[in-house]
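Chemist: sequence first, then the predicted structure, then my questions.
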Amino acid sequence: MGRMVGPILERFLSTDEVLAVFEPHAFVQAMLDVEAALARAEAAEGVIPAAAADAIAAACDARAFDLDALAADGARAGSLAIPLVKQLTAAVRSRAADAAAWVHWGGTSQDVIDTAMALCTRRAHALVDAALARLADAALDLAAQHLETPALARTLMQPAQVVSFGFKLVAWAAPVVRIRARLARAAREGLQLQLGGAVGTLGTLGAAGPAVARRMADALGLALAPGAWHTQRDAWVALGCEVGVLCGALGKIGTDIALLAQGEVGEVTEPSGEGRGGSSAMPHKRNPVAAMIARAAALRAPARVAALLAAMPQAQERGLGDWQAELAEWPGLWIAAHGSASALAEAVAGLAVDAPRMRANIEALHGLVFAEALSTLLARELGKARAHEFVERLTARVLAERRSLCDLALEAVAADGTLQGRVARDAIAAVFDIEGAARRAADVARPQLAALRPHRQDRNPA
């Protein structure tokens, strides 16, 4: 049996891959990677002996550290980095006593923790980016297949007009492609090395400070910030905000899938599989699990983003409580985002589309969804206000008599002295052309679909 990663209810809504990115061992290893990079960069610039850097780097293996003691001691010390440096110093001393004095030289706790979180976040971003690419591909492929498949548009949760299912799918894919690009830009700006020393001046490193920072940034694959950003959290929080926006956009897709999958609607169903979407009490049910995960992420993300924003007014050169609160909330955003994107990528790729049911749902409305088009046609002869009243009376009869609006319109026009002979029967019939309405929606979606296709060439996150 494999080891469970993360709390069970968090795992239920996300993936083991992204949970592993932020698990204690991974984060501590990231902190140690920062310490090793610091020592090597300092040795390269002649700040500390090369032998000391080798000893420090050799000791930077999280498997040799007591993670429970780190957590307990960190809570008392006010920083996880303080007990980490103590354990690291002891480990280095056991290898080379003289090297122990050079551990964490010139750095500060926040340098290690912020940079470690940036390293973990880079891995999380790569996972999210790959899931978004899969989701966008699946939505665009499905849109191309169903570009002219008639489907109902619904506004305020009610049937509105006829569009195409491809039109709907383009509306799912477009925000995913846009946000993916914005997230990559925000990651390039926000995933930066943090190195400032005690108050951000790199005072201990002196003139070698900028060169050490440059070497560290290159070694760790992070952007080189112009200076310490200990309390300048704008680029970092902007990245978090983009993740929150992503969760909201994915939640919209999940909501649409859930609504279209309702039994009374029955236009789509998520892919099936052993144990997927079942009910403990009702054997007939196929619950939209991916939609549920996406909606759960969208519901949780705003509070986390609000916490990041609330923590921004950090005091002077190092915050008290706000920085720590921000970092505690940070992983949850990425964990939720990857869970949502991964679930939807799988669901959309295997989405079962019931085109006959879509058409049946349109036809069940007896032409009411073409009321606006009919009113527009008649307005040329009656004026807008009179045409609206004319069609409104007919729609009331549709509901009362359960007859087709098209049939009632043909009868009413033939009996009306103003309209008789001036509005052709063919023109009225054309108003109710389901395929024609779907083609018009397809004409709107087609150039958007073509514009979104190039995202396939961009497969590498920041």
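Modeler: Ah, there it is.
Chemist: could you give the mean pLDDT of the longest helix anywhere in the chain?
Modeler: Longest helix of the chain, by residue count under DSSP state H: helix 109-145. Computed over helix 109-145, the mean pLDDT rounds to 98.
Chemist: now for that helix, which elements pack on it?
Modeler: helix 16-21, helix 24-44, helix 81-95, helix 165-190, helix 234-260, helix 322-349, helix 434-452 (3 or more C-beta pairs under 8 Å, 6 or more residues apart in numbering; DSSP states H and E). For every residue, glycine as well, the C-beta is placed using N, CA and C.
Chemist: what separates the spatially closest residue to residue 266 that is not a sequence neighbour from residue 364, distance-wise?
Modeler: Among residues not flanking residue 266 along the chain, residue 357 sits closest, at 5.0 Å (C-beta to C-beta, 6 or more residues apart in numbering). Between residue 357 and residue 364 the computed distance is 10 Å (C-beta to C-beta, to the nearest Å).
Chemist: got the confidence number for the residue lying closest to residue 204 once chain neighbours are set aside?
Modeler: Leaving aside its sequence neighbours, residue 204 sits nearest to residue 106 (C-beta to C-beta, 6+ apart; 3.9 Å). The per-residue pLDDT reported for residue 106 equals 96.
Chemist: buried residues, the longest helix of the chain. List them.
Modeler: Residues 109-125, 127-140, 142-144 are the ones in helix 109-145 that count as buried (16 or more other C-beta atoms under 10 Å).
Chemist: give the next helix or strand downstream of that helix.
Modeler: Next helix or strand after helix 109-145 toward the C-terminus (DSSP states H and E): strand 150-155.
Chemist: surely residue 100 and residue 89 touch.
Modeler: Yes. At 5.1 Å, residue 100 counts as touching residue 89 under the criterion of C-beta atoms under 8 Å.
Chemist: any shared contact partners between these two?
Modeler: Counting by C-beta atoms under 8 Å, 6 or more residues apart in numbering, residue 100 and residue 89 have no shared contacts at all.
Chemist: which regions of the stretch 1-150 of the chain sit below the pLDDT cut-off?
Modeler: 1-7 (pLDDT under 70).
Chemist: how about a cut-off of 90?
Modeler: 1-12 (pLDDT under 90).
Chemist: hang on, the earlier thing: and the helices and strands packed on helix 109-145 as a markdown table, adding distance to residue 373 and mean neighbour count?
Modeler: Listed next are those as a markdown table, based on distance: least, C-beta to C-beta, whole Å; neighbours: other C-beta atoms under 10 Å:
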| stretch | distance to residue 373 | mean neighbour count |
| --- | --- | --- |
| helix 16-21 | 47 | 20 |
| helix 24-44 | 58 | 23 |
| helix 81-95 | 66 | 19 |
| helix 165-190 | 16 | 21 |
| helix 234-260 | 24 | 21 |
| helix 322-349 | 31 | 23 |
| helix 434-452 | 8 | 17 |
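Chemist: for the ones you listed, which one sits closest to residue 148?
Modeler: Residue 148 sits nearest to helix 434-452 of all the helices and strands packed on helix 109-145, at 4.6 Å, using C-beta to C-beta.
Chemist: contact partners of the closest one?
Modeler: The contact list for helix 434-452 (C-beta under 8 Å, 6+ apart) reads 136, 140, 143-144, 147-151, 153, 161-164, 166-167, 170, 173-174, 177, 359, 362-363, 370, 373, 430.
Chemist: strands of the stretch 351-462 of the chain, residue ranges please.
Modeler: 352-353 (DSSP state E, counting those that start in this stretch).
Chemist: tell me where it has helices.
Modeler: 355-363, 371-382, 384-401, 405-415, 425-431, 434-452 (DSSP state H, counting those that start in this stretch).
Chemist: tell me which residues of the third one come out buried.
Modeler: Residues of helix 384-401 classed as buried by neighbour count (16+ other C-beta under 10 Å): 387-388, 390-391, 394-395, 398.
Chemist: likewise the first one?
Modeler: Neighbour-count burial for helix 355-363, counted by 16+ other C-beta under 10 Å, picks out 358-359, 361-362.
Chemist: tilt between that helix and helix 109-145?
Modeler: Counting by axes from the mean of the first three to the mean of the last three C-alpha atoms, to 10 degrees, helix 355-363 points 80 degrees away from the direction of helix 109-145.
Chemist: centre of the chain to helix 355-363, how far?
Modeler: 31 Å (C-alpha atoms, centre = their mean, to the nearest Å).
Chemist: on that earlier part again, just tell me which of the helices of the stretch 351-462 of the chain ends up closest to residue 198.
Modeler: Residue 198 lies closest to helix 434-452 among the helices of the stretch 351-462 of the chain, at 48.7 Å (C-beta to C-beta).
Chemist: can I get the CA coordinates of that closest one in CSV?
Modeler: What follows is helix 434-452 as a C-alpha-only set of coordinates in CSV (Å, rounded to 0.1, in the frame of the first residue of the first chain):
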residue,chain,number,x,y,z
ILE,A,434,-32.8,25.6,-35.8
GLU,A,435,-29.8,24.8,-38.0
GLY,A,436,-29.6,28.3,-39.3
ALA,A,437,-29.4,29.7,-35.8
ALA,A,438,-26.7,27.2,-34.9
ARG,A,439,-24.7,28.2,-38.1
ARG,A,440,-24.9,31.9,-37.0
ALA,A,441,-23.4,31.0,-33.6
ALA,A,442,-20.8,28.9,-35.4
ASP,A,443,-19.9,31.9,-37.6
VAL,A,444,-19.2,33.8,-34.4
ALA,A,445,-17.2,31.0,-32.7
ARG,A,446,-15.1,30.0,-35.8
PRO,A,447,-12.7,32.9,-35.8
GLN,A,448,-12.3,32.6,-32.0
LEU,A,449,-11.5,28.9,-32.4
ALA,A,450,-8.9,29.7,-35.0
ALA,A,451,-7.3,32.3,-32.8
LEU,A,452,-7.1,30.0,-29.8
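Chemist: next, the angle helix 355-363 makes with it.
Modeler: Using the same axes, to 10 degrees: helix 434-452 against helix 355-363 is 120 degrees.
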